[in-house]
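Student: The following block contains a protein sequence and its predicted model.
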Amino acid sequence: MSEIAQVAAKHGFGYAFDSRPRPFVRTRRGGEVEAAAEGSPRGVRLREMLDELGPTFVKFGQLLSTRPDVVPPDIVFELKALQDNVSPFPFADAEAVIVEELGLSLDKLFLEFEETPVAAASIGQVHRAVLPNDQRVVVKVQRPAAPRQIEADLDLMYQAARIARERVQALEFIDTVGVVDEFARSIRQELDYKNEARNAEQFHRNFAGHAHVRVPRVFWSYSRSRVLTLELLEGVHLRDLDFEVHSMEERQALAEVIAEAWLTMIFRHGFFHADPHPSNIMVLERPDRIGLIDFGTAGQLAKDDTSKLTGLFVDVMNQNIEAIPRRLASLGVRYPRDREEELVAELRDVFYRYYGARLSEIDPVQIIREAFGLIYRMQLKLPTRFILLDRAVATLGSVGIELYPDFNVFEVARPYARDLMLERFTPQRVATRTQQEARAYATMLAELPYQLHDVLQEVRDGQVEVGFRHEGLDAMIRRMDLVFNRIGIAIVSVGGAITSAILAFIADDVTSFFGILSAIGLVLSSLLSIWLVWGVLRSGRL
């Protein structure tokens, strides 16, 4: 923790770890959020701090860049620049992991195995190889110390999250420990390559026979928790594509294929690749044919989510802005209901400024900032299950802009939305929904007599509890407490005065016992009376 504190202090965030009392750092969450196009100084400092702390913290920063609902837009924009810049680990370590996981030596497992990795990341690296049946494959091998290092970094993150939450008031609306929990679940899943293998196999089934999208096959007999073997796709990574070689028509076709692939994943399959980075998309033998790689992060949507997303998608295509807040609410997006009209006005303003425009006419930096600013300013709370979807859509937008500046995503999406709408009302879909709803109603009717019997039995046994929640009575109760307290003081004061008068009447002398007791009682009664009168005068209510 001391190392984190030192690095944080170096980049101007030492106050979060300072145990000395100091004024809280505050934020204007509900106010206007502005950020210059070149980014903010605090965002740059945070990005540099995470970069210096190491690969695990870099991945944590990448997660934060997908949370515009809890992170200010200027910081989100800077964190998107974080990249996994790590050196490959020695081939001997990779060989040891493969032998340990698969139980055989390399010469018995592969005909060829390239010692130099073709790619390296924070968790593992990738080697090319050839199986005994001459099948060319790629083998992803996990770093030997990756689990231990990640768990140690997670412990530090939990400590830092608790300290920052306690000492930085600007983070009071963020569940900092919850954010670390989310990251911990994500990165622990990535540590088990069997999860990625299952994702790859699902994508392979979904796109089997597709004319424009290809997904590598998983070789399960060569895959374990720390080793993953996939079919080798021959092509060029989108990040390395020479745009000058391809015509604008080819680049447009490529952009449309990529957009349609993700629309299909989201709205038809309900299972989508959550990291459409140019490094994870390959251009194969022709520009309109792509390959997908790196399936460590995938998102899944329930059928109900897919249906609701389709409704939202159709409303956007039909420019039905007033319905969008209700669609968002049905998907679990929370926002202050008293600001719904303001949200509609903001959405309408952004929508009409950009709808139908070519990407070359739009400043991508500005529109991304506006979207993040709107989410943060309106205090929108995004459901965790849609965070990966938000990340995928945002990344796709930047890919489309780089690939083909004149690409209009609405032109691709409009016919897609029309087809989705028609599919929702096909006889088969209507019959399926009717059958599902009829089955649900039948279940409810079958359970109704039993539920009624349970209620009547509880009434008979006197076990029914009625909950009562009052609203607006707190002020009246406090006022009644004050009134009864004053009445009590008045009774004590009057009683004391009467008792003192009786004692004075029976006393033989002022200096006698009863005389002194009478004088003390009279003084105390007078003080209580003065205090009561002063309180009434101060309240302004006589």
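Tutor: Looks like it arrived, so ask away. Numbers count the residues shown, from 1 in each chain.
Student: bridging residues for the residue lying closest to Y222 once chain neighbours are set aside?
Tutor: Once flanking residues are discounted, Y222 sits nearest to T229: 3.6 Å by CB to CB, 6 or more residues apart in numbering. For every residue, glycine as well, the C-beta is placed using N, CA and C. Note on T229: beta-bridge partners by DSSP bridges are V139.
Student: Return the residues in contact with T229.
Tutor: When contacts are counted by CB atoms under 8 Å, 6 or more residues apart in numbering, T229 touches A129, V137, V138, V139, K140, V218, F219, Y222, S223.
Student: Now the two most distant members of the residues you listed.
Tutor: The most widely separated members of these are A129 and V218, with 14.6 Å between them, by CB to CB.
Student: between these two, who's got more neighbours?
Tutor: Per other CB atoms under 10 Å, whichever of A129 and V218 has more neighbours is V218, with 23 against 20.
Student: Need phi/psi at the more buried one.
Tutor: The phi/psi pair for V218 (degrees, to the nearest 10) reads phi -90, psi 130.
Student: What ranges does this structure have for its strands?
Tutor: Along the chain, counting by DSSP state E, strands occupy 112-113, 119-120, 124-130, 136-142, 213-214, 227-231, 236-237, 271-273, 281-283, 290-292, 298-300.
Student: What confidence value was assigned to Q451?
Tutor: Note on Q451: pLDDT of 84.
Student: Neighbours of it, how many?
Tutor: Here the number of neighbours of Q451 (other CB under 10 Å) works out to 10.
Student: what about I75, distance to L517?
Tutor: 73 Å (CB to CB, to the nearest Å).
Student: Could you do F505 as well?
Tutor: Relative to L517, and taking CB to CB, F505 is found at 13 Å.
Student: In terms of neighbours, single out the busier of I75 and L517.
Tutor: Neighbour comparison, I75 and L517: the larger count goes to I75, with 25 against 15 (by other CB under 10 Å).
Student: Now do the same contact list for the nearest residue to the more buried one once chain neighbours are set aside.
Tutor: Spatial nearest neighbour of I75, chain neighbours left out: G43 (4.3 Å); criterion: CB to CB, 6+ apart. By CB under 8 Å, 6+ apart, the contact set of G43 is A35, D74, I75, V76, F77, E78, L79.
Student: if we go to 7 Å?
Tutor: G43 sits next to D74, I75, F77, E78 when contact means CB atoms under 7 Å, 6 or more residues apart in numbering.
Student: Among the contacts of T229, which one has the most neighbours?
Tutor: V139 (28 neighbours).
Student: circling back to that earlier point, so which of the strands of the chain comes closest to D51?
Tutor: Closest of the strands of the chain to D51 is strand 119-120, at 16.5 Å (criterion: CB to CB).
Student: Spit out the contact partners of the closest residue to L517 other than its chain neighbours.
Tutor: Sequence neighbours aside, L503 is the residue nearest to L517 in space, at 5.6 Å (criterion: CB to CB, 6+ apart). Neighbouring residues of L503 by CB under 7 Å, 6+ apart: F514, L517, S518, G521.
Student: Recalculate using a threshold of 10 Å.
Tutor: Counting by CB atoms under 10 Å, 6 or more residues apart in numbering, L503 touches S512, F513, F514, G515, I516, L517, S518, A519, I520, G521, L522.
Student: just the helices in the stretch 51-200 of the chain please.
Tutor: Along the stretch 51-200 of the chain, the segments classed as helices by DSSP state H, counting those that start in this stretch run 55-64, 73-79, 91-102, 106-109, 146-167, 176-191, 193-206.
Student: Of the ones you listed, which is nearest P336?
Tutor: So among the helices of the stretch 51-200 of the chain, helix 73-79 is nearest, using CB to CB, at 18.6 Å.
Student: Show me what that closest one is packed against.
Tutor: Here helix 73-79 touches helix 41-53, helix 55-64, helix 364-377, going by 3 or more CB pairs under 10 Å, 6 or more residues apart in numbering; DSSP states H and E.
Student: Of those, which shows the lowest average pLDDT?
Tutor: For the helices and strands packed on helix 73-79, mean pLDDT drops lowest on helix 364-377, to a mean of 59.
Student: Pull up the gap between the closest residue to Q135 other than its chain neighbours and Y222, please.
Tutor: Spatial nearest neighbour of Q135, excluding adjacent residues (CB to CB, 6+ apart): E231 at 7.2 Å. To Y222, E231 is 11 Å away according to CB to CB.
Student: So for the two, which residues contact both of them?
Tutor: Residues touching both E231 and Y222 by CB under 10 Å, 6+ apart: L131, Q135, V137.
Student: Now do the contacts for the last one.
Tutor: Read it as V137. V137 is in contact with 110, 113, 127-131, 216-217, 219, 222, 228-232, counting by CB under 10 Å, 6+ apart.
Student: give the contact list for the spatially closest residue to A497 that is not a sequence neighbour.
Tutor: Leaving aside its chain neighbours, A497 sits nearest to S525 (4.2 Å; criterion: CB to CB, 6+ apart). Contacts here follow CB under 10 Å, 6+ apart; on that basis S525 touches V492, S493, V494, G495, G496, A497, I498, T499, S500, A501.
Student: With respect to N318, which of the contacts of G43 is nearest?
Tutor: So of those, ranked by how close each gets to N318 (CB to CB), first place is F77, at 30.8 Å.
Student: Do you know the pLDDT at that closest one?
Tutor: 70.
Student: Burial check on it, number of neighbours?
Tutor: Using other CB under 10 Å, F77 has 24 neighbouring residues.
Student: And it, how far from L64?
Tutor: According to CB to CB, F77 stands 11 Å off from L64.
Student: Report how many residues lie close to the closest residue to Q252 other than its chain neighbours.
Tutor: The shortest distance from Q252 to any non-neighbouring residue, by CB to CB, 6+ apart, is to Y404 (5.1 Å). Counted with other CB under 10 Å, the neighbours of Y404 add up to 24.
Student: cool, and V58?
Tutor: Applying other CB under 10 Å, we find 20 other residues in the vicinity of V58.
Student: go on, L104?
Tutor: When neighbours are defined as other CB under 10 Å, L104 has 11 of them.
Student: tell me the contacts of it?
Tutor: By CB under 10 Å, 6+ apart, L104 lies in contact with I98, F110.
Student: so what pLDDT did it get?
Tutor: Each residue has a pLDDT score; the one for L104 is 94.
Student: do G124 as well
Tutor: Reading off the confidence values, G124 has pLDDT 90.
Student: Adjust the sequence numbering to begin at 57 for everything that follows.
Tutor: Sure thing, new numbering starts at 57, so read that last one as G180.
Student: Nearest residue to it in space, please, no chain neighbours.
Tutor: Of all residues not flanking G180 in the chain, Q198 sits nearest, at 4.3 Å (CB to CB, 6+ apart).
Student: right, and the one you found touches D248 too?
Tutor: Yes. Assessed by CB atoms under 10 Å, Q198 is found in contact with D248 at 9.4 Å.
Student: The two: which has the busier surroundings?
Tutor: More crowded of Q198 and D248, by other CB under 10 Å: Q198, with 23 against 16.
Student: Quick check: buried residues in the top helix by length along the chain?
Tutor: The residue-count maximum for a helix in the chain (DSSP state H) belongs to helix 483-517. Within helix 483-517, no residue is scored as buried using 16 or more other CB atoms under 10 Å.
Student: With stretch 265-275 instead?
Tutor: By neighbour count on 16+ other CB under 10 Å, the buried set for stretch 265-275 is H268, V269, R270, V271, P272, V274, F275.
Student: That one spans what distance, first to last residue?
Tutor: End-to-end distance of stretch 265-275 (CA to CA, to the nearest Å): 19 Å.
Student: same thing with stretch 315-324?
Tutor: Terminal residues of stretch 315-324 lie 13 Å apart, using CA to CA.
Student: Likewise for stretch 325-345?
Tutor: Using CA to CA, the end-to-end distance of stretch 325-345 comes out at 19 Å.
Student: I'd like to know the average pLDDT value across that stretch.
Tutor: Average pLDDT, stretch 325-345: 88.
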